[in-house]
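Peer 1: Provided below for reference: sequence and predicted model.
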Amino acid sequence: MKIQHLGKAVIFVGMLIGNTPVQAATVFSGAGDAAAVAFEQMKEAIGGADNTLALGPQEGGFRTINWDGVPVNGTVGIPEDLFLGRGALYDEIYFVSDDGFESVNPSVAGQFPAFSPPVTFAHIGEGNNQNEIEQSFTLAGTFTTAATRGFGAIFLDVELPETSSIEYFSGSKSLGKFFVEPSASGEPSFLGVLFDKPMVTSVELILGNGSIFDINGEIPVLTPIVDFIPGQVDDPMNGVDLVVTDDFLFAEPETVPEPSSIVGLLVVILPVLRGCSKKGFFR
């Protein structure tokens, strides 16, 4: 019976935690000409200065990544921490291209016109359907985990609904998965979500449902890829949608908030409840 009473007390506190208000989120979405409009609207909603080239953590504002500063000749891999100075850290080597990935898959020639020319961004193939990009946030210029209010990205050539998406995470908890609005062939789409407080510690982008290329052997970094295997052919009529990304936008990453006061209360209350149980107060 002691355990039952203690269990009820724990459930009560857990209910308080579960009923903590969910942070409000604003979605910015647009395809074709509306993609640039949605991109700028999210910038305005974040507010503050453009910190893209600022050194170290900043108060407020936003950062962008457009890939165009990377030295590219064809298609190259980039180090996971190449944009650590902007508070972005990747989980593995991803790829940028100044020719729309034509150099590693001739079938996509002209398919991915850059939103901000000339460089675009995508995942290696590693077999079919390996098309996710994972970005975590840090305090700019450090490996210290941080949280952002929101993140958005330009996707290129999204032609099928509910294939490309962004999922937002606070630690291991998903804050929601949002799908990219389809556009006409070769056109951009923008998707971004802005929360009212910094809580996003990482995002996962899904780029279509097919792979553009694979590599034989080790992955070269900042060196043109020559030993590649062309991937699939874009064929939305038959359910294959190849997609790449361009500009990223996110609110300045900040120190991860401390646990809520109700979680702190739980930490304090549980030992007290256990002590009361042992003394027979819950008989």
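Peer 2: Sure thing, it's come through.
Peer 1: From here on, just use CA atoms for contacts and neighbour counts.
Peer 2: Noted.
Peer 1: so what's the residue most central in space within the chain bridging to?
Peer 2: The residue lying closest to the centre of the chain (CA atoms, centre = their mean) is Val203, at 2.6 Å. Counting by DSSP bridges, Val203 is bridged to Gln135, Tyr168.
Peer 1: change the start of the numbering to 82 and stick with it
Peer 2: OK, 82 is where the count begins now, so the last one is Val284.
Peer 1: isn't it right next to Ser253, touching?
Peer 2: No: counting by CA atoms under 8 Å, Val284 stays clear of Ser253, with 10.7 Å between them.
Peer 1: Skipping adjacent residues, who's closest to Leu330 in space?
Peer 2: Thr145 (4.5 Å; CA to CA, 6 or more residues apart in numbering).
Peer 1: Return the distance of that neighbour relative to Ile214.
Peer 2: Distance, Thr145 to Ile214, using CA to CA, to the nearest Å: 16 Å.
Peer 1: got it, and Glu333?
Peer 2: On the measure of CA to CA, Glu333 and Ile214 end up 20 Å apart.
Peer 1: Look at the two and report which has more neighbours.
Peer 2: Glu333 (32 against 21; other CA atoms under 10 Å).
Peer 1: so the closest residue to that one other than its chain neighbours bridges to which residues?
Peer 2: Leaving out its chain neighbours, the residue that sits closest to Glu333 by CA to CA, 6+ apart is Phe143, at 4.7 Å. Note on Phe143: beta-bridge partners Asp131, Ala332, judged by DSSP bridges.
Peer 1: Do I have it right that Phe143 meets Leu275?
Peer 2: No: checked against CA under 8 Å, the pair Phe143 and Leu275 is beyond contact range at 11.7 Å.
Peer 1: Give me the common contacts of the two.
Peer 2: Taking CA atoms under 8 Å, 6 or more residues apart in numbering as the criterion, Phe143 and Leu275 both touch Ile127.
Peer 1: Run a quick neighbour tally on the closest residue to Asp277 other than its chain neighbours.
Peer 2: Leaving aside its chain neighbours, Asp277 sits nearest to Ala105 (5.8 Å; criterion: CA to CA, 6+ apart). Ala105 has 9 neighbours, counted by other CA under 10 Å.
Peer 1: Also Val151?
Peer 2: Residues near Val151, counting by other CA under 10 Å, number 15.
Peer 1: now do Pro317
Peer 2: If you count neighbours by other CA under 10 Å, Pro317 ends up with 14.
Peer 1: Would you check how far apart it and Val324 are?
Peer 2: According to CA to CA, Pro317 and Val324 sit 11 Å apart.
Peer 1: do Ala228 as well
Peer 2: Counting by CA to CA - Ala228 and Val324 are separated by 27 Å.
Peer 1: for Leu163, same thing?
Peer 2: In terms of CA to CA, Leu163 sits 22 Å off from Val324.
Peer 1: who has more neighbours, those two?
Peer 2: Neighbour tally, Leu163 and Val324, criterion other CA under 10 Å: the higher count belongs to Val324, 28 against 14.
Peer 1: Looks like that one contacts Ile235 (just checking).
Peer 2: No: using CA under 8 Å, Val324 makes no contact with Ile235, being 10.5 Å away.
Peer 1: in its sheet, what does the host helix or strand of Leu275 sit against?
Peer 2: Applying DSSP states H and E as the criterion places Leu275 in strand 269-276. Here strand 269-276 is paired, per DSSP bridges, with strand 106-112 (antiparallel), strand 231-237 (antiparallel).
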